[in-house]
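J.: Quick one, fold the following:
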Amino acid sequence: MKWADQSTNEKLQACVIGRVLLEHKHMYRVVTDEGEWLASLSGSFKHQAQERRDYPAVGDWVAVEKMPGEEKGIIRNILPRTSIFSRKVAGDTTVEQIVAVNVDIVFLVMSLNLDFNLRRLERYLVAAWDSGANPVIVLTKKDVCDDPQFYVDQAESVAFGVPIHVVSSVTGEGIEELQDLLKDGKTAALLGSSGVGKSSLTNALCVENVMVVQEIREDDDKGRHTTTHRELFRMPGGGLLIDTPGMREFQMWDNSESLDTGFQDVEQFASDCRFTDCQHDGQPGCGVQEALDNGALTRERFASYEKLKRELAYMERKADAAAQKAERGKWKQITKDMRKRPAKKR
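T.: Okay, here's the model as predicted:
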């Protein structure tokens, strides 16, 4: 497939469209109609890139030019993205980490054991809604769980209208239903912490051992990191699957608009408050406090809502400060470049 816009840049005329299968330190494995190539970024691309979103990620469609006589390419542009799933990198640094792009479905994977965490699932759901993809909850390891419905009921209490699938990569139960979701060339990403069975699930969905699998620790049901990078796999039925490294820490990244979607119940109770600026901490006629008092809303869920709201507000302030710093740096560089140019002769 040729690059669509060939009118303004001669170098783009030689490009074809490819999709990024694998990323490693700004080197990319790209698949095109003409084969798979190892690709790097063009000099102008790297010069113009300012932040993480400006660089390719696994799942991206890119304009890539093949190097003559080699199975290598040069990436010259990124096509517009249909969805982007992000989080803040682990630690104190306020930097975005892109988990997956151009996905139709995000499989939120949790196992039916001690790793199941309702508060983490709430975070996943908010980020999934914000990404532009559709969330689907996948509860793994049914073969070693005596009461799967216990976990399903908990997930349903926070995931309103989100499909929930209970599966076993060992027995194959529920796998076909997930494969059916990815027919017609759809793309899905797997998101979950270490040890929940993402690698086993990837192998089951792809009907071959494409990922290494490690055992979980018996003392706490937690797993070791198996996947160390993001990679896109092609499935037998035509679908595509992005496996991601396990994440025990999941900090939000600019998902404030989707907080309402992830906490529809809290927002509904808040709409019953007497005052539109109610802070839900003692004001008269508070619908949220009434729900907390009569048990319609659990205090754990409301505390999670408040925590995420504070976290997102903090991230927004940090992001604004970082954007202002980047803008100042850009204009400083432009000024320096202009000073280096020789003066025109009169």
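J.: What residues of stretch 31-43 count as buried?
T.: Buried residues in stretch 31-43, counting neighbours by 16 or more other Cβ atoms under 10 Å, are found at Val31, Thr32, Trp37, Ala39, Ser40, Leu41, Ser42. In this view, the C-beta of every residue, glycine as well, is placed from N, C-alpha and C.
J.: Rebuild the residues you listed as TSV, extending it with distance to Leu191.
T.: Formatted as TSV, the entries for these read as follows, by distance: Cβ to Cβ, whole Å:
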residue	distance to Leu191
Val31	23
Thr32	27
Trp37	28
Ala39	26
Ser40	28
Leu41	27
Ser42	31
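J.: Which members of those occur in strands, if any?
T.: Secondary structure defined by DSSP state E assigns Val31, Thr32, Trp37, Ala39, Ser40, Leu41 of these to strands.
J.: Quickly name whichever of those is closest to Pro284.
T.: The shortest approach to Pro284 among those belongs to Leu41, at 58.9 Å (Cβ to Cβ).
J.: For that closest one, give its distance to Gly73.
T.: Separation of Leu41 from Gly73 (Cβ to Cβ, to the nearest Å): 10 Å.
J.: Over to Asp293?
T.: Shown here: Asp293 relative to Gly73, a distance of 62 Å by Cβ to Cβ.
J.: Which of those two has more residues huddled nearby?
T.: In terms of neighbours (other Cβ atoms under 10 Å), Gly73 is the more surrounded of Asp293 and Gly73; the figures are 26 against 10.
J.: Touching, that one and Glu65? I think so.
T.: Yes: proximity of Gly73 to Glu65 meets the contact threshold set by Cβ atoms under 8 Å, at 6.1 Å.
J.: Dead centre of the protein: give me the residue that sits there.
T.: Using Cα atoms, centre = their mean, the residue of the chain that lies closest to the mean C-alpha position is Phe85, 2.8 Å off.
J.: How about it: what's its closest non-neighbour residue?
T.: The spatial neighbour of Phe85 that comes closest, neighbours along the chain excluded (Cβ to Cβ, 6 or more residues apart in numbering), is Ser131 at 4.0 Å.
J.: What are the boundaries of the strands in the stretch 51-200 of the chain?
T.: Shown for the stretch 51-200 of the chain, the strands assigned by DSSP state E, counting those that start in this stretch span residues 61-66, 72-78, 84-88, 96-101, 105-111, 134-140, 164-166, 187-191.
J.: Could you tell me the angle between the first one and strand 72-78?
T.: With axes from the mean of the first three to the mean of the last three Cα atoms, to 10 degrees as the basis, strand 61-66 and strand 72-78 are set at 140 degrees to each other.
J.: what residues does strand 61-66 touch?
T.: Under the contact criterion Cβ atoms under 8 Å, 6 or more residues apart in numbering, strand 61-66 has outside partners 3, 11-12, 14-20, 28, 30, 32, 34, 37, 39, 56, 72-79, 102.
J.: next one: it to chain centre, how far?
T.: Chain-centre distance of strand 61-66: 23 Å, with Cα atoms, centre = their mean, to the nearest Å.
J.: Dump the C-alpha coordinates for that strand into PDB.
T.: Coordinates of the C-alpha atoms in strand 61-66 are reproduced here as PDB (Å, rounded to 0.1, in the frame of the first residue of the first chain):
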ATOM      1  CA  TRP A  61       0.700   2.700  11.200                       C
ATOM      2  CA  VAL A  62       3.800   4.400   9.700                       C
ATOM      3  CA  ALA A  63       5.100   5.600   6.300                       C
ATOM      4  CA  VAL A  64       8.300   3.600   5.800                       C
ATOM      5  CA  GLU A  65      10.800   3.700   3.000                       C
ATOM      6  CA  LYS A  66      12.800   0.600   2.200                       C
END
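J.: May I see the buried residues of the lengthiest strand in the chain?
T.: Secondary structure of the chain per DSSP E: the longest strand is strand 16-24. Along strand 16-24, the positions that meet the burial threshold by neighbour count (16+ other Cβ under 10 Å) are Val16, Ile17, Gly18, Arg19, Val20, Leu21, Leu22, Glu23.
J.: Would you mind pulling up the elements that that strand packs against?
T.: strand 27-32, strand 35-41, strand 61-66, strand 231-234 (3 or more Cβ pairs under 8 Å, 6 or more residues apart in numbering; DSSP states H and E).
J.: That concludes my questions; thank you for your assistance.
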